[in-house]
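> this one's structure only:
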C-alpha cells in the first residue's frame, strides 16, 4: 500500500512538472518601496495676504502711547494722519503679520504598491503596470500676532513699520505648528508620521526587454531593462494661498479688530481645518517617464517569484504647481509575485 501511494504521489508531481508552464505568462505582485525622488527646500516667514482686511483699529487701544510722542512725529504729521497712513498703506492693508514656514522635508517608512505583468510578448518580452503609494512629512508652522509690545511703540519703530510693513518690532508674535500631532490627528504616528503630511500616488506603464533569461526553457532567472510613462498624483504642499483659502472666513469674523487675530493660535478647529483640507485635497496630476532595470527569480514548479526593480523617475514638471518640489531620482521596489 505504501509503495502504491508513493508511486501515485510521484506520478502527480511528474504531471505538475509536465503541465506547469516553463515560464510565467501573466502575473501579479505586491512590493515595498524606497522612494528617493522627492526634495523640497526650507522656506521661512512667507507672508499671507488678505486684500479685504483693513486694520483700522490697529492703534486705537494704545492711543495714549502715541499721544506721548505726537510732538516728535515727522513734519506736520498728527496722530490721526499717522493712523490714516497706516490704514491706507498698501503694504499694511494687504499684508497681515501672518507668516508661514516649511522645513525638514523627509520621507517616511510608508511606501508600498504592486504590479501586474504579461510575459512572452513578441519582440518586447513583457509589459507591466505598477503603482506606488508613498508618504513624506515636513514641519509647517504659522506665525501670528498675540499681543502688543507697548514699550516698543516708539517713533523709530513706527517709521520702520510704515516703510517696511514689518510688525515684529511692535507686536508680540507667537507660532503654531500645522502638524498632525499638534492637531490631535496622530493616526499615522504608528507609521512614523506626526508632522505635516504629504502623500503621493503614482502609476507606471513599462515595456520590458530581457537582457538575460536563464535557463533557456524555464527562464527562472531574468535580468531586464525597460521604460515607459508615469503619472503622479499628490496632496498639496501648504502654501500661503492654501491657508488663506481655508481660514479666510475666520479672519472675516474678526472684522476690523486687529487683535482678534491673536485668537487664531488658540482656535484648534481652524488649524485642524487646514490639516484636514490638506489630507483630503488632491492637486493636478504630474506626468513624466521612467527608466527601469530589474531582476526576477522564479521558484521551480511553485508559481511564485521574487523581484527587485530600480527605476529612475523623470518628471516633466515640478511635483506641485505652486512649490519647487523636485521629483527626479530613484525608486526601489522589492516584492513577491504570483506568476502563472
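Now that the structure is in, tell me what you want to look at. What you see is a predicted model; the values in this text were computed from it and never measured. Numbers count the residues shown, from 1 in each chain.
> so what does the helix or strand where residue 106 lies touch, helix or strand wise?
According to DSSP states H and E, residue 106 maps onto strand 95-121. Helices and strands touching strand 95-121, as assessed by 3 or more Cβ pairs under 8 Å, 6 or more residues apart in numbering; DSSP states H and E, comprise strand 26-35, strand 39-40, strand 43-49, strand 125-148, strand 196-214, helix 240-254, strand 329-339. Backbone N, C-alpha and C define where each C-beta goes, glycine included.
> where among these is average confidence lowest?
Note on the helices and strands packed on strand 95-121: lowest mean pLDDT is at helix 240-254, with a mean of 68.
> give the contact list for residue 30.
With contact set as Cβ atoms under 8 Å, 6 or more residues apart in numbering, residue 30 has these partners: 112, 113, 114, 335, 336.
> quick one: buried ones out of those?
Among those, those scoring as buried are 112, 113, 114, 335 (criterion: 16 or more other Cβ atoms under 10 Å).
> what sits against the closest residue to residue 287 other than its chain neighbours?
Among residues not flanking residue 287 along the chain, residue 316 sits closest, at 5.4 Å (Cβ to Cβ, 6 or more residues apart in numbering). Residue 316 is in contact with 286, 287, 288, 289, counting by Cβ under 8 Å, 6+ apart.
> will you turn those into CSV that also has distance to residue 48 and neighbour count?
Below are the contacts of residue 316 laid out as CSV (distance: Cβ to Cβ, whole Å; neighbours: other Cβ atoms under 10 Å):
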residue, distance to residue 48, neighbour count
286, 26, 21
287, 31, 11
288, 32, 19
289, 37, 16
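> on that earlier part again, next up, phi/psi of the residue nearest to residue 287, please.
The phi and psi torsions at residue 316 (degrees, to the nearest 10) take the values phi -90, psi -10.
> okay, it: pLDDT?
For residue 316, the pLDDT comes out at 93.
> follow-up on the earlier one: nearest to residue 157, out of the helices and strands packed on strand 95-121?
Evaluated over the helices and strands packed on strand 95-121, closeness to residue 157 peaks at strand 125-148, with 11.6 Å, by Cβ to Cβ.
> next, the buried residues of that closest one.
Buried-residue list, strand 125-148, by 16+ other Cβ under 10 Å: 125-128, 130, 132, 134-146, 148.
> which residues does residue 329 bridge with?
Counting by DSSP bridges, residue 329 is bridged to residue 313.
> hmm, I typed the wrong one, I wanted residue 198.
On the basis of DSSP bridges, residue 198 is bridged to residue 136.
> cool, and the one 10 residues further on?
Taking DSSP bridges as the rule, residue 208 bridges to residue 126, residue 226.
> now do residue 339
residue 27.
> then residue 290?
Beta-bridge partners, per DSSP bridges, of residue 290: residue 228, residue 313.
> and which of the contacts of residue 30 is nearest residue 277?
Of all these, residue 112 has the smallest distance to residue 277: 25.2 Å, by Cβ to Cβ.
> run through the residues that contact that closest one.
Per Cβ under 8 Å, 6+ apart, neighbours of residue 112: 30, 31, 32, 33, 132, 133.
> from these, which single one is nearest residue 99?
Using Cβ to Cβ, residue 133 comes nearest to residue 99 of these, at 32.6 Å.
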